[in-house]
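1. what follows is a predicted protein model with its sequence.
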Protein chains: 2
Amino acid sequence: MTYCIGMLLERGLVFMSDTRTNAGLDNIATVRKLRTWEVPGERVITLTTAGNLATTQAVVGLIDERTKAPESRNPTILDAPSMFQVAKEVGKTLRDVIRENVQGRSEASAPAFGATMIIGGQIKGKPPRLFLIYPEGNFIEASTDNSFFQIGETKYGKPILVRAFEPAMSFEMAIKLLLVSFDSTIKSNLSVGLPLDYQTYTTDTFASGRSGRIMGDEPYYRSVSDGWGEALKTAFAKLPEFTFLDS
Amino acid sequence: MTYCIGMLLERGLVFMSDTRTNAGLDNIATVRKLRTWEVPGERVITLTTAGNLATTQAVVGLIDERTKAPESRNPTILDAPSMFQVAKEVGKTLRDVIRENVQGRSEASAPAFGATMIIGGQIKGKPPRLFLIYPEGNFIEASTDNSFFQIGETKYGKPILVRAFEPAMSFEMAIKLLLVSFDSTIKSNLSVGLPLDYQTYTTDTFASGRSGRIMGDEPYYRSVSDGWGEALKTAFAKLPEFTFLDS
């Protein structure tokens, strides 16, 4: 499993992903699942991936190779005229990689090679856009009604996102929210693990924003993780008490 | 799906279950998934169920019939000498019902007929015990390290349980905690729905404790549901702010 989030904020985009990969409980490692491509002044595109690591690395590798050999016949995400076309190309690459792996096997094996991706960015002259790409290669777009996507182990960390997300929030606030959501997930699922990578993008800058890696022993992460446990207990204690009807 | 919780507290046992059942999104209904058997002064046993409704109703029906025809050769949960034997009998009945449905079909169809159960109670002369029964008929027991079980849609509501559960809590506090956990789940999964049934049991009373049904329009439920959203936002705002290292 994995956990990644992409958010469409009023001021831009923010992404966070964990770095744990595992092939069984006895075989875990750290890999980067967040990647940004940039044409300064023209476009910035960020991709996060969840699912079969061979599949996601193949997709990222193919996309990246094409950007470096623009004479080839394959379209590249650095030439695509819109973020919609970028999502379409990444979706097609993902579907092709999965099909190649399934070839000669039962269709039922497809999920084992599956992957899901969040891609977002901005191309000059157009607004920032954020998409969730399915293993079938099709995709959906974030909107003001549905401003963030989660992939991987999405359930533990969803309730706090639903309650505290605000499209107008600052990047600092967004990263704090992401850390709370990741912390709840990491506490419940061994296949999601620290460190956490993040990337921000400010609308109309056409330059990749702040990025970094948050380690588990960082004082800020510890203060959020420990502080959130305490804050939840305090919040819970403040809710009105239940009384039995017959008492 | 479904959501049920059973908790082993210092003062006894508490159970809560939702009441939604669905066969597709376009076919939903309300059913009771929580059942208590009582021999006043001697034993109290509570069962909650998640999974295929035909399976869980067949199991409850069989168990209940046997308690009313004690001359039959099948052991009944009202005769069993220990809660361990009660769990064993219910597990065997569950496995038998699933096997009967799978008969003549591929083994791969078993999960479709599957169900999971939480059973707990106390028999005179012994301490209260709580078990989680798997579709295979085997089971695990709650202990002081692992004092509650969830079945059905367990993920959304788990983080708050992990943070706020205390073995010494009162029944009132436990029901408040259960309501917060159920509310987070209900907000995220349409297959878990109100009203909610609860049942408590106080150690060494050998009489079923308080029970009731909490409706969605009840002022207390509304105050927990709305209050928790606000409390989370306040708790989140109080966490220390993130600052980018390079700022």
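-> It's in.

2. give the contact list for A:Pro127.
-> A:Thr203 (Cβ atoms under 8 Å, 6 or more residues apart in numbering or on different chains). Bear in mind the C-beta positions are built from the backbone N, C-alpha and C, glycine included.

3. so where is chain A shaky, pLDDT-wise?
-> A:70, A:72, A:246-247 (pLDDT under 70).

4. show me where it has its strands.
-> A:3-9, A:12-17, A:20-22, A:28-30, A:34-39, A:43-51, A:115-123, A:129-133, A:139-141, A:148-152, A:196-202, A:211-214 (DSSP state E).

5. switch those over to a markdown table; also include distance to B:Arg11.
-> Output for the strands of chain A, formatted as a markdown table (distance: least, Cβ to Cβ, whole Å):
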| stretch | distance to B:Arg11 |
| --- | --- |
| strand A:3-9 | 37 |
| strand A:12-17 | 42 |
| strand A:20-22 | 40 |
| strand A:28-30 | 41 |
| strand A:34-39 | 48 |
| strand A:43-51 | 43 |
| strand A:115-123 | 45 |
| strand A:129-133 | 46 |
| strand A:139-141 | 48 |
| strand A:148-152 | 38 |
| strand A:196-202 | 40 |
| strand A:211-214 | 41 |
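
6. out of those, nearest to chain B?
-> Evaluated with Cβ to the nearest Cβ, the strands of chain A place strand A:211-214 nearest to chain B, the distance being 6.3 Å.

7. for A:Pro219, see how far away the residue nearest to A:Leu232 when sequence neighbours are not counted is.
-> Leaving aside its sequence neighbours, A:Leu232 sits nearest to B:Arg163 (Cβ to Cβ, 6 or more residues apart in numbering or on different chains; 4.7 Å). Look at B:Arg163 and A:Pro219: by Cβ to Cβ, to the nearest Å, they are 21 Å apart.

8. of the two, give the one with the bigger neighbour count.
-> Between B:Arg163 and A:Pro219, B:Arg163 has the larger neighbour count (other Cβ atoms under 10 Å in any protein chain shown), namely 17 against 8.

9. check contacts around that one.
-> A:Gly229, A:Leu232, A:Lys233, A:Phe236.

10. isn't A:Lys233 up against B:Phe165?
-> No: using Cβ atoms under 8 Å, A:Lys233 is not in contact with B:Phe165; the gap is 10.3 Å.

11. what about stretch A:74-85, distance to the chain center?
-> 20 Å (Cα atoms, centre = their mean, to the nearest Å).

12. how long is that stretch end to end?
-> 13 Å (Cα to Cα, to the nearest Å).

13. go through that stretch and flag the buried ones.
-> A:Pro75, A:Thr76, A:Ile77, A:Leu78, A:Ala80, A:Met83 (16 or more other Cβ atoms under 10 Å in any protein chain shown).

14. got it, and stretch A:201-210?
-> Buried-residue list, stretch A:201-210, by 16+ other Cβ under 10 Å: A:Tyr201, A:Thr202, A:Phe206, A:Ser208, A:Gly209, A:Arg210.
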